[in-house]
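J.: starting from these lines, generate the structure:
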Amino acid sequence: MNSHERGVYFQGICIDIAIFLTKLRLKNGLTQAEVAKRLGTTQSTIARYESSGYNGYTVRSVNTLANVYGYRMKVS
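T.: Residues are numbered from 1 along each chain as shown. Okay, the predicted model is just below:
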């Protein structure tokens with residue numbers, strides 16, 4: 001896989017994470033503001049995490065968000 005293909009692949013993963021986080025929030029009937037309040041952050045931060053253009057995810061940030069919805073992230 002060349003560097004362009006890796007970039008496209010990585011961007012696809014980021015889009016999947018954004019969609020996943022948005023679906024979890026909606027499934028739990030929460031607004032971005034409500035999630036932000038639970039995490040002690042801002043609504044705009046949650047919006048950024050749910051944006052398909054965001055690529056700054058860390059294992060910690062995704063796990064923290066998953067915990068808000070009652071999930072644990074397992075990395076294997």
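J.: mind checking how far the closest residue to Ile17 other than its chain neighbours is from Asn2?
T.: Nearest residue to Ile17, sequence neighbours excluded (CB to CB, 6 or more residues apart in numbering): Tyr57, at 5.7 Å. Glycine gets a C-beta too; all of them are placed from N, C-alpha and C. According to CB to CB, to the nearest Å, Tyr57 stands 23 Å off from Asn2.
J.: one more: Ala47?
T.: For Ala47 relative to Asn2 (CB to CB), the value is 33 Å.
J.: returning to that earlier point: wait, doesn't the residue nearest to Ile17 sit right on Tyr49?
T.: Yes. Counting by CB atoms under 8 Å, Tyr57 does reach Tyr49; the two are 7.5 Å apart.
J.: looking at these two, which is more packed in?
T.: Tyr49 (23 against 15; other CB atoms under 10 Å).
J.: list the contacts for the nearest residue to the more buried one once chain neighbours are set aside?
T.: Spatial nearest neighbour of Tyr49, excluding adjacent residues (CB to CB, 6+ apart): Leu21 at 5.7 Å. Contacts for Leu21 were tallied using CB atoms under 8 Å, 6 or more residues apart in numbering; they are 49-50, 62, 65.
J.: tell me the two of the residues you listed that are most distant?
T.: Among these, the pair separated by the greatest distance (CB to CB) is Glu50 and Val62, at 11.7 Å.
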